[in-house]
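J.: One predicted model, sequence on top.
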Amino acid sequence: MRLLRLTSLLILSLGSLAAHAAMVHKTVTWTQDGTTFRSVLVYDNAVSTKRPGLVMVPNWYGVNAMAVKKAEMIAGKQYVILVTDLYGEGVRPADNDQAQAATKPLYGNRPLLRQRMNTALAQLKAQAKDAPIDLSHLAAIGFCFGGTAVLDLARSGADIAAVVSFHGGLATDDPALAKQIKARVLVMNGADDKGTMPDAPAFMDEMRASPADWQFVVLGHAVHCFTETDQHSPGCMYDARAAARSYRLMHDWLDHAFAGTD
């Protein structure tokens, strides 16, 4: 009887621990040049094992519920992700016009974009005092506008293992910056993405002139936004097959980058 009681208590205890294990959403704020940025750190606290930290820049709608949900899906028990605000806490686009207005100052001032990305990386590192981040394994991933942002982080010479861009912009203000790249660069764009693919030849020339270990993957029949589950317009459309393939490629790329293998 006593053994049965102890077993029951153990089961209840384990059940209680499981009930308390959940995906953490921690608000992370910082101020740069008078602008306050509000990002969200996402990770699963069911395990305490240190794991790679990722700076994640969402599409041009910025930090919102959809972006956090995507971060949860990617993070699982594998990563700690900082869903990164590059606009400032007062800017949360609600439509395409507002999103275009939010990104315009950063597309027009790429040194500012690179500066904000490096600050976000520093903020991710700072979270290691409380979150299970392995500081020896850091990377960045981005979607659409976010893809542009993480490529610029790589071009800035950031000391991270990898960057992964999903349907991101490929153009740069200074191709010579690619000579500073230390990260392994994986770029994935839709073959029928009329917004980004015209810049593909120049991007590949840029990468050829760089020391980067890089890969450019073109996903057949996919257009822009292929990972964005809420996008269904002709030129910006979710593609479940392309999304699944691109996530598999991302995980493989990050695994090898963190392990230092080919």
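T.: Yep, that arrived. Numbering: from 1, shown residues only.
J.: quick one: contacts for residue 95?
T.: Neighbour list for residue 95: empty [criterion: CB atoms under 8 Å, 6 or more residues apart in numbering]. (Each C-beta comes from the backbone N, C-alpha and C, glycine too.)
J.: can you check the one 4 residues further on too?
T.: Listed by CB under 8 Å, 6+ apart, the contact set of residue 99 reads 59-62, 93, 145.
J.: From residue 44, how far out is it?
T.: Distance, residue 99 to residue 44, by CB to CB, to the nearest Å: 29 Å.
J.: neighbours around the closest residue to residue 171 other than its chain neighbours, how many?
T.: When the adjacent residues along the chain are set aside, residue 171 lies closest to residue 199, with 4.6 Å between them (CB to CB, 6 or more residues apart in numbering). Neighbour count of residue 199, defined by other CB atoms under 10 Å: 15.
J.: Quick check: pLDDT value at residue 199.
T.: According to the model's per-residue confidence, residue 199 sits at a pLDDT of 98.
J.: Could you do residue 47 as well?
T.: Residue 47 is given a pLDDT of 88.
J.: likewise residue 245?
T.: According to the predicted model, the pLDDT of residue 245 comes to 98.
J.: so what secondary structure elements neighbour the helix or strand hosting it?
T.: Assessed by DSSP states H and E, residue 245 sits inside helix 240-259. Counting contacts by 3 or more CB pairs under 8 Å, 6 or more residues apart in numbering; DSSP states H and E, the secondary-structure elements packed against helix 240-259 are strand 133-143, strand 162-166, strand 184-190, strand 214-219.
J.: Describe which strands the second one pairs with in its sheet and in which direction.
T.: Put plainly, it is strand 162-166. For strand 162-166, the paired strands and their directions (DSSP bridges) are strand 133-143 (parallel), strand 184-190 (parallel).
J.: Same question for that strand: list its buried residues.
T.: For strand 162-166, a neighbour-count test (16 or more other CB atoms under 10 Å) marks 162-166 as buried.
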